[in-house]
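Participant: turn this into a model:
(one chain, ligands or ions: 1)
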Amino acid sequence: MSLEAKNLSFRYRRGQPPVLQAVNLTVHPGERVGLRGPSGRGKTTLCKLLAGYERPCGGQVLLNGRPLSGFRGCCPVQLIGQHPETAVDPLLRLGDTLYEAGPVEEEVLEALHIAPAWLDRYPTELSGGELQRFCIARALRPETRFLLCDEITAMLDLVTQAQIWEFLLDVASRRDLGLLIVSHQSLLLEKLCTRIEQLDV
Ligand SMILES: Nc1ncnc2c1ncn2[C@@H]1O[C@H](COP(=O)(O)OP(=O)(O)OP(=O)(O)O)[C@@H](O)[C@H]1O
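Facilitator: Okay, the predicted model is just below:
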């Protein structure tokens, strides 16, 4: 199974210039592809298209050669963003958010040091790093084949960053996941990735 951006173009509003134009990118299982590019170039937008949050105005997102838009069920492509507080419903307890799309394996919760008591809390009752670990756990469903990591540790301290990446590299290797890692930190990308692409078209 591969995840492919094929000739993707996108604009947020009709009449505005495109944010992305004829972008091509493929991620294979087991690959860790770094994505860098200047601020505002469209890295987050590309992640949103690849995860099916937005629809392209040209080209296609293909999962195993078939349009992602036709996929039904728990999406094998999961996006984790920089701001976990914007990725969860503030009015739901975290346990309800975690399990709304089905079970998450106990070993994932344990490996990310997610305390069972957190699941009774609301999102504002966790720290940023705790909430990010929660969002990573939520993205790691048994069906997940590709993880799109958009600046996911940018706001965290170095120790937490290292713990999160150590866990993600291990789980990606065990499950043969494909990772797309967006970061402005070249050193981080060079350490983590099997290949680095530049978004500067
Ligand atoms: N919802 C939106 N509506 C309109 N324009 C948007 C929207 N989201 C992003 N944009 C614009 O699209 C362009 C690309 O934004 P995007 O967030 O994808 O860039 P980026 O490469 O991830 O940037 P950064 O490195 O700063 O995070 C920017 O010019 C931004 O202002």
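
Participant: low-confidence ranges, this protein, go.
Facilitator: Along the chain, the parts satisfying pLDDT under 70 run over 201.

Participant: now the longest helix along the chain - C-alpha only, CSV.
Facilitator: The helix that spans the most residues within the chain, counting by DSSP state H, is helix 158-175. Extracted in CSV, the C-alpha atoms of helix 158-175 (Å, rounded to 0.1, in the frame of the first residue of the first chain):
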residue,chain,number,x,y,z
LEU,A,158,13.7,18.3,24.3
VAL,A,159,13.1,15.4,26.6
THR,A,160,9.5,15.0,25.6
GLN,A,161,10.4,15.4,21.9
ALA,A,162,13.0,12.6,22.2
GLN,A,163,10.5,10.3,24.0
ILE,A,164,7.9,10.9,21.4
TRP,A,165,10.2,10.3,18.4
GLU,A,166,11.7,7.2,20.0
PHE,A,167,8.2,5.8,20.5
LEU,A,168,7.1,6.7,17.0
LEU,A,169,10.1,5.3,15.2
ASP,A,170,9.7,2.0,17.2
VAL,A,171,6.0,1.7,16.4
ALA,A,172,6.5,2.7,12.8
SER,A,173,9.1,0.0,12.4
ARG,A,174,7.1,-2.7,14.1
ARG,A,175,4.0,-1.9,12.1
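
Participant: what's the first helix or strand after it?
Facilitator: Later in the chain than helix 158-175, the nearest helix or strand by DSSP states H and E is strand 178-182.

Participant: is any residue of that following strand near the ligand?
Facilitator: No - when contact is scored as CB under 6 Å from any ligand atom, no part of strand 178-182 falls within range of the ligand; the minimum is 6.9 Å. To be clear about C-beta, it is placed using only N, CA and C from the backbone, and glycine gets the same treatment.

Participant: which other helices and strands contact that strand?
Facilitator: For strand 178-182, the packing partners by 3 or more CB pairs under 8 Å, 6 or more residues apart in numbering; DSSP states H and E come out as strand 20-27, strand 32-36, helix 43-50, strand 146-150, helix 158-175.
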